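K.L.:
Here's my sequence, what's the structure:
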Amino acid sequence: MGDVTAPRDTPLKEGIAAARAGRAAQARAYLLPVVQADERNVQAWYWLSRVVESPDEREICLENVLALDPGHSAVQSELAALRAQMAQASGPAQPVIEFIPATPEECLVSDAAVEPLPCPYCRTQVAPQARQCPACSRTITVRERKSKGHSVYSLGLVIIWFGLANYIWLGLFFYYLTSDLPAIVDASPGLAATLRKLAELLGLKAPALDSLALPSTPVLLIGGAAFILSLVIAACLYLRIRLVYWLTVGLILLGFIFLFYNAITAEAWQLVRLAGTLVLFLAATSLAFAAYDEFAWVERRLAAVLDPDVDSHSALYARGRKYADQGMWARAVIHWSRAVALNPGHPDYRLALASAYINLNQPEKASEHLEQAQRIEPENPQIPRLRKQVPIS
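P.N.:
Purely as a prediction, here's the structure:
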């Protein structure tokens with residue numbers, strides 16, 4: 001259990017002494033720089049909770065103490081008593097839901113969700129199945145990929161198509177090389193025999209070995225188109241284009257039909273090669289089904305909740321700026337409030353919250369944060385400009 005009384009440096013020692021002497025303003029002046037420099041200073045957060053000016057700020061300080069020292073029973077009791085006093089003072093009111101998902105799936109719109117979620121734009125409580133906020137008329141759902149990145153399954157499909165493209169290229173090269181096989185036989189019977197054996201191994205036909213051989217130009221053109229198509233499909237699968245995924249599934253099914261037809265008409269010596277092809281098709285089928293989620297899209301509900309991937313006050317402030325630029329003022333408030341909790345003495349965070357509350361038409365909270373910013377940085381030119389924007393209640 002951490003010690004919340006032992007001072008460790010001069011500013012902290014002076015702040016604690018001022019707090020014990022009842023000089024709250026002086027104590028805040030010493031303690032705020034301490035928590036700004038070291039967000040994990042348990043002692044500073046504890047003593048700051050004794051000298052802040054509002055119950056909300058005291059609650060934030062005590063929450064930070066427990067976050068750093070969860071086993072401190074005295075602070076737990078103090079925080080519980082403070083929350084009971086705050087609830088009694090405010091009276092019955094509809095709570096603002098601070099739903100922080102543990103996984104991305106918890107953000108998805110679900111029929112099982114029954115609690116209203118706050119609109120990320122105006123903070124109005126909206127039913128979880130709604131796609132539009134009734135208060136601000138903004139769309140509050142977004143379509144996104146179910147899977148964030150590639151897996152070995154989708155990459156396996158890409159590799160198969162890339163391998164097929166190379167197989168076609170090799171076939172075209174062999175076809176072109178053997179387009180005049182009689183001349184090769186006359187010049188080098190050994191090379192001709194080698195080409196015949198290679199053709200058998202690859203399952204290819206040399207045009208001069210077939211009495212119904214087609215002219216080489218159309219074959220090369222069609223083969224070249226197939227080669228390019230295979231490369232395009234491989235690229236589209238890498239980009240996770242859903243239509244190409246279903247095209248691949250359809251081609252795999254057609255391949256099974258073609259393979260079955262060849263199996264019942266093939267000679268016995270050809271069955272070994274067909275068995276190898278069957279293994280390839282089964283592997284492609286398994287990869288296609290396993291990679292389904294990577295090509296699927298889901299509808300996610302936007303809400304005024306804290307993003308779980310940000311933890312530092314600077315990152316929280318930057319994320320809030322991002323949401324503010326998108327007009328999601330309620331979502332920005334969530335992140336800026338947490339930034340203030342981690343670093344209550346930063347004037348930019350207070351001014352950002354004031355700006356957000358102005359846009360949310362909550363003048364009392366906007367004025368409160370402007371006053372806090374005034375105490376921290378009295379000469380900041382943004383403060384009078386924002387005061388002019390505060391709605392008159």
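K.L.:
how about the strands of the stretch 151-300 of the chain, start to end?
P.N.:
Secondary structure of the stretch 151-300 of the chain, counting by DSSP state E, counting those that start in this stretch: strands at 297-301.
K.L.:
Listing request: residues of it with sub-threshold pLDDT.
P.N.:
Applying pLDDT under 70 to the stretch 151-300 of the chain flags the ranges 173-216, 219, 268-270.
K.L.:
Where do the helices of it begin and end?
P.N.:
In the stretch 151-300 of the chain, the helices defined using DSSP state H, counting those that start in this stretch lie at 152-177, 181-187, 189-202, 216-238, 242-265, 271-290.
K.L.:
just those: most buried one?
P.N.:
Using mean count of other CB atoms under 10 Å, the stretch among the helices of the stretch 151-300 of the chain with the largest mean neighbour count is helix 152-177, at a mean of 17. Using the backbone N, CA and C atoms, a C-beta is placed for each residue, glycine as well.
K.L.:
what's the angle between that helix and helix 242-265?
P.N.:
For helix 152-177 against helix 242-265, the angle by axes from the mean of the first three to the mean of the last three CA atoms, to 10 degrees is 60 degrees.
K.L.:
about what we covered before: tabulate the helices of the stretch 151-300 of the chain (TSV), appending distance to Ala18.
P.N.:
Listed next are the helices of the stretch 151-300 of the chain as TSV, based on distance: least, CB to CB, whole Å:
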stretch	distance to Ala18
helix 152-177	61
helix 181-187	99
helix 189-202	87
helix 216-238	62
helix 242-265	64
helix 271-290	64
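K.L.:
For Ile334, find the nearest of the ones you listed.
P.N.:
Judged by CB to CB, the one of these that comes nearest to Ile334 is helix 242-265, at 33.0 Å.
K.L.:
which other helices and strands contact that closest one?
P.N.:
helix 216-238, helix 271-290 (3 or more CB pairs under 8 Å, 6 or more residues apart in numbering; DSSP states H and E).
K.L.:
Pipe these into JSON lines and attach distance to Ile257 per row.
P.N.:
Listed next are the helices and strands packed on helix 242-265 as JSON lines, based on distance: least, CB to CB, whole Å:
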{"stretch": "helix 216-238", "distance to Ile257": "19"}
{"stretch": "helix 271-290", "distance to Ile257": "11"}
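K.L.:
For the helix or strand harbouring Asp56, output the C-alpha coordinates as CSV.
P.N.:
Asp56 belongs to helix 55-68 when elements are defined using DSSP states H and E. What follows is helix 55-68 as a C-alpha-only set of coordinates in CSV (Å, rounded to 0.1, in the frame of the first residue of the first chain):
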residue,chain,number,x,y,z
PRO,A,55,-16.4,18.2,-5.5
ASP,A,56,-15.9,17.1,-9.1
GLU,A,57,-12.2,18.0,-9.0
ARG,A,58,-11.8,16.3,-5.6
GLU,A,59,-13.5,13.2,-7.0
ILE,A,60,-11.0,13.2,-9.9
CYS,A,61,-8.0,13.5,-7.6
LEU,A,62,-9.2,10.6,-5.4
GLU,A,63,-9.9,8.5,-8.4
ASN,A,64,-6.3,9.0,-9.5
VAL,A,65,-5.1,8.0,-6.1
LEU,A,66,-7.0,4.7,-6.2
ALA,A,67,-5.9,4.1,-9.8
LEU,A,68,-2.3,4.3,-8.6
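K.L.:
next helix or strand past that helix?
P.N.:
Sequence-wise, the next helix or strand downstream of helix 55-68 (DSSP H and E) is helix 73-90.
K.L.:
Sheet-wise, list the partners of the next helix or strand after that following helix with their directions.
P.N.:
Tracing the chain C-terminally past helix 73-90 and defining elements by DSSP H and E, one meets strand 117-118 next. Strand 117-118 sits in its sheet next to strand 125-126 (antiparallel), going by DSSP bridges.
K.L.:
how far does the strand it pairs with sit from the chain's center?
P.N.:
24 Å (CA atoms, centre = their mean, to the nearest Å).
K.L.:
and the next element down the chain from that strand?
P.N.:
On the C-terminal side of strand 125-126, the nearest following helix or strand under DSSP H and E is strand 141-145.
K.L.:
average model confidence for that next one?
P.N.:
Strand 141-145 carries an average pLDDT of 85.
K.L.:
Quick one: list the elements packing against it.
P.N.:
Contact partners of strand 141-145 among helices and strands, from 3+ CB pairs under 8 Å, 6+ apart: strand 297-301.
K.L.:
Buried residues in the helix or strand following the strand it packs on, which are they?
P.N.:
Next in sequence after strand 297-301, counting helices and strands by DSSP H and E, comes helix 313-325. Buried residues in helix 313-325, counting neighbours by 16 or more other CB atoms under 10 Å, are found at 313, 316-317, 319-320, 323-324.
K.L.:
what about helix 313-325, average pLDDT?
P.N.:
91.
K.L.:
Please compute how far that helix lies from its chain's middle.
P.N.:
16 Å.
K.L.:
same deal with stretch 220-227?
P.N.:
40 Å.
K.L.:
Over to stretch 286-304?
P.N.:
12 Å.
K.L.:
Quick one: residues in contact with that stretch.
P.N.:
99, 104, 107-109, 117-120, 123, 128, 140-147, 150-151, 153-154, 156-157, 160, 240-242, 245, 248-249, 252, 328, 330-331, 333-334 (CB atoms under 8 Å, 6 or more residues apart in numbering).
K.L.:
quick one on the thing from earlier: got the angle between the helix holding Asp56 and helix 73-90?
P.N.:
150 degrees.
K.L.:
Only the buried residues of helix 55-68, if you could.
P.N.:
56-62, 64-66, 68.
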